[in-house]
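Enquirer: Quick one: sequence and predicted model below, then my questions.
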Amino acid sequence: MGLLTAAAFVSLAVWLWLALGQGMFWRTDVRLPPRTAPARWPSVAIVVPARDEAEVLPRSLPSLIAQDYPGEAEVILVDDGSTDGTADLARRLSREHPGLPLTVVSPGDPDPGWTGKLWALRRGIALARTAHADEPDYLLLTDADIAHEPDSLRELVAAATAADLDLVSQMARLRVVSPWERLVVPAFVYFFAQLYPFRWINRPTARTAAAAGGCVLLRTEAAVRAGVPDSIRQAVIDDVSLARAVQGSGGRIWLGLAERVDSVRPYPALGDLWRMVSRSAYAQLRHQPPVLAGAVAALVLVYLVPPAALLAGLAAGRPATAWAGALAWLLMTGTYLPMQRYHRQPAALAPLLPFTALLYLLMTVDSAVQHYRGQGAAWKGRTYARPSDA
C-alpha cells in the first residue's frame, strides 16, 4: 500500500470520527435554549468597544439603541482611540435614533499588558458598575460591527434567566456577499465549531469552553467572580479566554448560532479576510512551533489528502486509493452542507472546502511568520506581543 493510499484511509477514519464523535459539531441547530419571561426583568448595561468603526456604526448602533427591552437598559460605547470620528458619530446617531440612553467614553491608550479591546471593555464595565446606585444585573458585551434585531436583548436575557446561565453567547451570522466571503466565511464558523463543539460547551459539566466575542451576555456577578476582564487582559483571542475564566470560576456558559444577530462588517477582498484570520491564528496555537507543525499536518491530512487521493487514484488506476479519498471528501462535504445552508449559500460550494482549508493553512503559516517578524496579532494599528513577552 502506497503512502498516499495509507494517508487516504487514515483521513477517511478521521472523518468518520469527526462526523460521529466530535460533538456533532457540524449541526447548525444549536440555537438559544427555551426562554420564559422572568418575573422581574433584570437591568442590563450594553458595552460596545469601538475603534475606527465609523463605516459600520450607522448599521449597528441604532439597532442597540432601539432594543425593545422591558427592563432597565443602557448603552455604553467605549471609543478606543479612534481617528475616524467614531465617538462624534455615535453621539449623532443617538440623537437621531431615540431609544436606550447612550454614553460615550474614551479610556485613553491601554496600559502595558492589555489588548485594546479588553482595555475598552474594562472602562465600559467599570462605568456600568459605578454610574448608578445599583450595578446592572447583566452586561451585554457586543462588538461595534454587530447588528441586533429589536428583541435580541430580551431573548438573550430570557434564555439566561430561564436556564440560570452565567454567560450566554451567540455567534453572529457573518456577512456573506462577495465571492471571497462566500468561499471563506462559512468555513470560519465551521472550523471554530469543529474546535469547540457547541454541544460539549453547553453541557452542565462541560470542560470545553468558548464564546463568540461579538455577542456575550454576562452576569455581572459572574464577571466579578472570574475577575474579568483583568484576569484575561493579555488575551488576543478574548472570547475564548473570557468563557474559560467564567467556567473556571464555577459559572455555567452556553454558546450557539444566532438567528437575529448579524455582523455587518464587509470583507470584500481576500486580503481583508486574510488579515482577519492571520491576526490571531498563531495565538490560537499558543505561539508554539510544534503546535503549528501539528496543525499544518492535520490540515493536510484531513482536508487536502482526500481530493489528492481521489484524483491520483483515478489517474494511476488504484481504486482503493480513489474510493478512500472519495468517501472522505464526501463526508467532509456532507458535514459542511449545514453550515452552507445556515449562511444561505448554494450547496455547490460545499465541495470546495479543501481549497478553503488550503487558504486557512497558508493564513496560519503567515500568522506565525508575521509574529516572528514582530508584526503578529496586529489589528487597527496595534501589534500585541505574546503574553509572556508583554
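Expert: Done, it's in. Note that the coordinates shown come from a computational prediction; the quantities given were computed from them, not determined experimentally.

Enquirer: Could you list the paired strands of the longest strand seen in the chain along with their orientation?
Expert: Looking only at the chain and at elements set by DSSP state E, the strand with the highest residue count is strand 253-263. When pairing is defined by DSSP bridges, strand 253-263 lines up against strand 146-148 (antiparallel), strand 167-173 (parallel).

Enquirer: Can you list the neighbours in contact with the last one?
Expert: Contacts of strand 167-173 with the rest of the structure, by CB atoms under 8 Å, 6 or more residues apart in numbering, involve 32, 146, 156, 159-160, 189, 192, 211-212, 214-219, 222, 239, 242-243, 246, 251-259, 261-263, 342-343. Yep, even glycine has a C-beta here, placed from its N, CA and C like the rest.

Enquirer: where does it sit relative to the chain's centre, distance-wise?
Expert: The chain centroid and the centroid of strand 167-173 are separated by 8 Å, computed with CA atoms, centre = their mean, to the nearest Å.

Enquirer: For the next helix or strand after that strand, which helices and strands make contact with it?
Expert: Downstream of strand 167-173, the first helix or strand assigned by DSSP states H and E is helix 179-195. Identification of packing neighbours for helix 179-195 by 3 or more CB pairs under 8 Å, 6 or more residues apart in numbering; DSSP states H and E yields helix 270-284, helix 319-342, helix 353-372.

Enquirer: roughly how far apart are Gln375 and Ala368?
Expert: Gln375 sits 11 Å away from Ala368, going by CB to CB, to the nearest Å.

Enquirer: who has more neighbours, the two?
Expert: Ala368 (22 against 13; other CB atoms under 10 Å).

Enquirer: Would you format the helices and strands packed on helix 179-195 as JSON lines with distance to Ala172 and mean pLDDT included?
Expert: What follows is the helices and strands packed on helix 179-195, written out as JSON lines (distance: least, CB to CB, whole Å; pLDDT from 0 to 100):
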{"stretch": "helix 270-284", "distance to Ala172": "14", "mean pLDDT": "92"}
{"stretch": "helix 319-342", "distance to Ala172": "12", "mean pLDDT": "98"}
{"stretch": "helix 353-372", "distance to Ala172": "20", "mean pLDDT": "96"}
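
Enquirer: In contact with Gln269, which residues?
Expert: Not quite, residue 269 is Ala, not Gln. The neighbours of Ala269, taking CB under 8 Å, 6+ apart as the test, are Ser178, Trp180.

Enquirer: my bad, should have said Ser11
Expert: Residues counted as contacts of Ser11 (CB under 8 Å, 6+ apart) are Leu301, Val302, Val305, Pro306, Ala309, Ala324, Gly325, Ala328.

Enquirer: All the strands of the stretch 101-250 of the chain, in order from the start?
Expert: According to DSSP state E, counting those that start in this stretch, the stretch 101-250 of the chain carries its strands in the segments 102-105, 138-142, 146-148, 167-173, 215-219.

Enquirer: Tell me which of these approaches Trp15 most closely.
Expert: Closest to Trp15 of these is strand 167-173 (CB to CB; 23.4 Å).

Enquirer: now Ser367: how far from Tyr360?
Expert: In this structure, Ser367 and Tyr360 are 10 Å apart, going by CB to CB.

Enquirer: re earlier: just say which of the strands paired with strand 253-263 is most tucked in.
Expert: For those, average neighbour numbers computed from mean count of other CB atoms under 10 Å are highest in strand 167-173, which has a mean of 26.

Enquirer: Next, the angle from that strand to helix 319-342.
Expert: Note on geometry: by axes from the mean of the first three to the mean of the last three CA atoms, to 10 degrees, strand 167-173 and helix 319-342 are set 100 degrees apart in direction.

Enquirer: Taking strand 215-219 as reference, get the angle to strand 167-173.
Expert: Computed by the same axes, to 10 degrees, the angle separating strand 167-173 from strand 215-219 equals 170 degrees.

Enquirer: picking that back up, which among the contacts of Ser11 gets closest to Arg199?
Expert: Proximity to Arg199 was ranked across these by CB to CB; first place goes to Val302, at 20.4 Å.

Enquirer: How about the contacts made by that closest one?
Expert: With CB under 8 Å, 6+ apart, Val302 has these contacts: Ser11, Val14, Trp15, Leu18, Met332, Ala357.

Enquirer: and if you look at Val75?
Expert: Under the criterion of CB under 8 Å, 6+ apart, the neighbours of Val75 are Ile46, Val48, Leu61, Leu64, Ile65, Leu100, Pro101, Leu102, Thr103.

Enquirer: Same check on Gly256?
Expert: Gly256 is in contact with Val30, Arg31, Leu32, Ser169, Gln170, Met171, Phe198, Asn202, counting by CB under 8 Å, 6+ apart.

Enquirer: Can you list the low-confidence ranges for the stretch 51-200 of the chain?
Expert: Counting by pLDDT under 70, the stretch 51-200 of the chain contains no low-confidence segment.

Enquirer: before we move on, the earlier item: look at Ser367 and Tyr360 and report which has more neighbours.
Expert: Taking neighbours as other CB under 10 Å, Ser367 and Tyr360 compare with Ser367 leading, 25 against 21.

Enquirer: Which positions in the strand or helix carrying Ser11 come out as buried?
Expert: For Ser11, the enclosing helix or strand under DSSP H and E is helix 3-21. Using 16 or more other CB atoms under 10 Å as the test for burial, helix 3-21 gives Leu4, Thr5, Ala7, Ala8, Phe9, Ser11, Leu12, Val14, Trp15, Leu18.

Enquirer: re earlier: how about the longest strand of the chain: buried residues?
Expert: Ile253, Trp254, Leu255, Gly256, Leu257, Ala258, Arg260, Val261, Asp262, Ser263.

Enquirer: just stretch 332-344 next, same as before
Expert: Along stretch 332-344, the positions that meet the burial threshold by neighbour count (16+ other CB under 10 Å) are Met332, Thr333, Thr335, Tyr336, Leu337, Pro338, Met339, Gln340, Tyr342, His343.
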